[in-house]
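Engineer: here you go, sequence then predicted model.
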Amino acid sequence: EMLNLNAKRCVLAECGHGSRAFRWEAPNYLQKSFPFEVLTSVELLAEYISQGKLKLDKKLNMELITLLDPCNLVREGGIVEQQRYILKHAASEFIEMTPNGIDNFCCGGGGGQLAMSEFNERRMKIAEIKAAQIRKTGASIVATPCHNCVDQLMQIDNKFKLGVKIKTLAE
């Protein structure tokens, strides 16, 4: 469809696996590069902020925000600093989890486990690590640019009574 539209850029939504599959794995499987640019919405948001096309008011986000680094976007896709750039421009108070970036712990929802009920117990056992990591930040909002992570974080918040809001990065 990109070719039919003569489009120059394909912007992928906030989805770790979708980004990895389309941006990195598809060209490998097809054994050729796409004749158009492929970028994530995270990269586009950071670009628009840096170019002044998108102006943000930090005063609209006064709560302490932390970031979950999605495995597929960060470790597999190299989208590390762009997320932080956005949050530093969008939020009055941003705090990192420890560890973070490529060393951050998985939330437990990756690898398709979120969709397979037979892994619920194991998935939520793994989530104890992430719950402790979030709790330690003192943040009231956890942002992440991955819908699978959002769903897992909602379950973590509920099970471990964190009392945090879960948001996509664009939110």
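Structural biologist: All right, it came through fine. What you see is a predicted model, and the numbers here were worked out from it, not measured in a lab.

Engineer: where does the protein dip in pLDDT?
Structural biologist: Where the chain drops to pLDDT under 70, the residues are 111.

Engineer: what about the helices in it?
Structural biologist: Per DSSP state H, the chain has helices spanning 2-5, 16-19, 26-30, 41-50, 71-74, 81-90, 120-137, 147-160. These are given in chain order.

Engineer: nearest residue to the middle of this structure?
Structural biologist: residue 145 (2.4 Å; CA atoms, centre = their mean).

Engineer: what's in contact with stretch 125-144?
Structural biologist: 63-70, 87, 95-98, 105-108, 150, 152-153, 155-157, 159-160, 162-169, 171 (CB atoms under 8 Å, 6 or more residues apart in numbering). The way it works is simple: take the backbone N, C-alpha and C, and place the C-beta from them, glycine included.

Engineer: let's see 6 Å
Structural biologist: Stretch 125-144 is contacted by residues 63-68, 70, 95, 97, 105, 107-108, 153, 156, 160, 162, 164-167, 169 when judged by CB atoms under 6 Å, 6 or more residues apart in numbering.

Engineer: I'd like to know which of the residues you listed are buried.
Structural biologist: 64-68, 70, 95, 97, 105, 107-108, 153, 156, 160, 162, 164-166, 169 (16 or more other CB atoms under 10 Å).

Engineer: how about the helices of the chain in CSV, adding distance to residue 112?
Structural biologist: Converted to CSV, the helices of the chain look like this (distance: least, CB to CB, whole Å):
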stretch, distance to residue 112
helix 2-5, 27
helix 16-19, 8
helix 26-30, 18
helix 41-50, 22
helix 71-74, 12
helix 81-90, 23
helix 120-137, 10
helix 147-160, 9
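
Engineer: quick check: which of those helices is nearest to residue 56?
Structural biologist: Relative to residue 56, the nearest member of the helices of the chain by CB to CB is helix 81-90, separated by 4.8 Å.

Engineer: show me which positions of the closest one end up buried.
Structural biologist: For helix 81-90, using 16+ other CB under 10 Å, the buried residues are 82, 83, 84, 85, 86, 87, 89, 90.

Engineer: for these, which one is nearest residue 36?
Structural biologist: residue 82 (19.9 Å).

Engineer: now the closest one: how far from residue 73?
Structural biologist: Distance, residue 82 to residue 73, by CB to CB, to the nearest Å: 9 Å.

Engineer: any idea how far apart the tips of stretch 2-10 sit?
Structural biologist: 7 Å (CA to CA, to the nearest Å).

Engineer: can you check stretch 74-90 too?
Structural biologist: 20 Å.

Engineer: for stretch 156-168, same thing?
Structural biologist: Per CA to CA, stretch 156-168 runs 15 Å from first to last residue.

Engineer: alright, I will stop here.
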